[in-house]
Structure formats: C-alpha cells, structure tokens
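Colleague: predicted coordinates and the sequence they were generated for:
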Amino acid sequence: MNNNTYPTIPYIGYKDENVKTPITFPAQHQEIQPGLEYKMTPQPIFEDPNYKPSGKLQDKVVVISGGDSGIGRAISVLFAKEGANLVISYLNEHEDANYTKQVVESYGRKCLLIPGDLRDEQLSSKIATTTMDYFGKIDILINNCGVQFPQNSILDISSKQLKDTFETNIFSFFYLTKAILPYLEANSSIINTTSITAFEGKKNLIDYSSTKGAITVFTKSLALSLADQKIRVNAIAPGPIWTPLIPASFSAQEVEIFGTDVPLKRASQPFELAPAYLYLASDDSRYVTGQIIHVNGGSIV
C-alpha cells in the first residue's frame, strides 16, 4: 500500500518511532468470527505509550467479556496501567488472549483468562465464582463481546444466524450481569458496548443492529433498576473501529474502504476508544448513569 494513505500523527510509539494511524486498510478477510488480531494487517493500535496513569482504578477488579483483542484489549491494557486487575472472558482466541495477558502483567497487574462460549449461561456463573475465589471482589463489569454477520436482505438471515447473534450480543450481557451483580457493591460500575448502528441502523446488519438497540435500552433500564443500589450502568457506542471483527465480517473489498464514510474520514484505533470506558469506570463519572457515550468519528446521532 502507498504510504501516502498513512498520515503520521504526533504520537510516539515503541522504540521512539512514530505510530501511523491508517486512513484505509489493505484488502483482507478472515473466515471465522470473531476474528484474530495477530493475523490483521496492520495490527490495531491498542495502547498509547505516552499515557500517564494516575491510579484511577488502583486495585479494582474488572471482569470484561471479549477482552482478548480489539476494543477489549485496549480497555484491559489501559485499565491495567491505571492499577486494575483483569478477568478476561473470551471464546477461543488463545494466542490473542495470552498476549493481552502478557501486556497487562507487564504493568504489574494480575490477569485471569477464562475461555468459553458465553451463550452458555453456566459460563457466566463460572466467571463470577472464579473471580471471587481468586480476587475476593468485583468492582467493574464490562459487557463487550459481539459478533456480526452481514446479509444483503432480511430474507438471507437464517434462524440459526438470528439466534447466534442475539445469544452472543445481548443474551450474554444478561447472563454475565446476573452472575456478577450479587457481588457488586455501591459505587460499582457496569459498562456495555453498544454501537452507532443502534441509532443509525445498517441495511446489511439488521440482526446485529437490533441487538445493539437492545443493549442500549438494556443499559438505560438497568441503570434505573440499580440506581437505589448506587451501581452505575452506562454504555459506549463506537463507530467504525479497526478490530478483528472487521476482516472477519466484511469482504476484502469492504475492508479497503472501512471507516472512510464518517466525517473524520477514517476508522478509529482501539486505543482512541478505551479512555471513554475509563471515564465510566472511574469516580470521574460518579454522577453519570443510564448514558450512552458516542465515539464515532463525528457522525451525528
């Protein structure tokens, strides 16, 4: 690819080299969802090495689904920098998960990996009990896992796809929240990953967009339900983000133009999204609940 498509931004990367944030990406496609980060070209930028932590999550225990890669990896690493210990639930992307664990532990924090399919409600119970057995508490829950299977027409969405999408994207949020909630205390935080598609729709992602709409209302309703317990519930609605889900979902040709249709004319890198989750996880947002933060490159929703 022509280097002219990669503008250098004032961001110092590893070995004091400039990190380049792509405007466009090379054509590529992965056959299996939710995708593998180590196979992406270029690999997503998941951390800002210039970031100066201030202990906002010191000794907090965070459970995050889909924390092995993409947005989840960026969140996990940033939270580790801020002093949190992580419990990462993921499907079967062991190489990605182990690398995330390695990075988290390089910042002196602990990281448990729990693989498995969150469509099985019993896994959520295992995550809760394993976390309590190891750490003795849970402070923050981030529901972040998801899949998407583009189809040109609703007629092409099979009953199996519909079930898989809803069970992964919203049922798992119910299951994990129900399992974790008994262990949360006042001032705990629950953060859900929804999407810009919940507000704009997406003609080839009808089932996916529907689940994200459900997550948005789940967030607002749960916030009302838990307000008396002083447990805050909020969500992030990302726009186009360069994560493994993109080459695993879209054709190689679609990947080449991914993210160029937003006002900022590029997809975000995961590290640009993670600070929004940090805000909602920390005491900085102590008066914020039932809200959706949009990080979408300028799209008006």
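Modeller: Yep, it's here.
Colleague: please count neighbours and contacts with C-alpha atoms only from this point.
Modeller: OK.
Colleague: so, low pLDDT: which residues of the protein?
Modeller: 1-20 (pLDDT under 70).
Colleague: now with 90?
Modeller: 1-24, 33, 48-50, 300-301 (pLDDT under 90).
Colleague: scan it for its longest helix.
Modeller: helix 206-226 (DSSP state H).
Colleague: residue boundaries of the strands in the stretch 201-301 of the chain?
Modeller: With DSSP state E, counting those that start in this stretch as the criterion, the stretch 201-301 of the chain has strands at 232-238, 292-295.
Colleague: element containing residue 64, please.
Modeller: Using DSSP states H and E, the element containing residue 64 is strand 61-65.
Colleague: neighbouring strands for that strand, and are they parallel or not?
Modeller: Here strand 61-65 is paired, per DSSP bridges, with strand 85-90 (parallel), strand 140-143 (parallel).
Colleague: could you check the angle strand 85-90 makes with the helix or strand just after the first one?
Modeller: Moving toward the C-terminus from strand 85-90, the next helix or strand (DSSP H and E) is helix 94-106. Between the axes of helix 94-106 and strand 85-90, defined by axes from the mean of the first three to the mean of the last three CA atoms, to 10 degrees, the angle is 170 degrees.
Colleague: by contact count, what packs against helix 94-106?
Modeller: If contacts are counted by 3 or more CA pairs under 8 Å, 6 or more residues apart in numbering; DSSP states H and E, helix 94-106 sits against helix 70-81, strand 85-90, strand 111-115.
Colleague: contacts for the next helix or strand after the last one, please.
Modeller: Same thing as strand 111-115. Per DSSP H and E, the first helix or strand lying C-terminal to strand 111-115 is helix 121-135. Contacts to helix 121-135, defined as CA atoms under 8 Å, 6 or more residues apart in numbering, come from residues 61, 87, 89, 114, 116-118, 137-138, 172, 175-176, 179-180.
Colleague: now do the buried residues in helix 121-135.
Modeller: Burial within helix 121-135, assessed by neighbour count using 16 or more other CA atoms under 10 Å, is assigned to 121, 123-125, 127-129, 131, 135.
Colleague: over to stretch 33-48?
Modeller: In stretch 33-48, counting by 16+ other CA under 10 Å, buried: 33-37, 40, 44-48.
Colleague: next, format the strands of the stretch 201-301 of the chain as JSON lines and append mean neighbour count and distance to residue 109.
Modeller: Output for those, formatted as JSON lines (neighbours: other CA atoms under 10 Å; distance: least, CA to CA, whole Å):
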{"stretch": "strand 232-238", "mean neighbour count": "25", "distance to residue 109": "25"}
{"stretch": "strand 292-295", "mean neighbour count": "19", "distance to residue 109": "28"}
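Colleague: any chance of these in TSV, plus distance to residue 23?
Modeller: Below are those laid out as TSV (distance: least, CA to CA, whole Å):
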stretch	distance to residue 23
strand 232-238	17
strand 292-295	17
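Colleague: so which of these is nearest residue 110?
Modeller: Distance to residue 110, taken as CA to CA, is lowest for strand 232-238 among the strands of the stretch 201-301 of the chain, at 24.6 Å.
Colleague: relative to helix 70-81, how tilted is the closest one?
Modeller: Using the same axes, to 10 degrees: strand 232-238 against helix 70-81 is 130 degrees.
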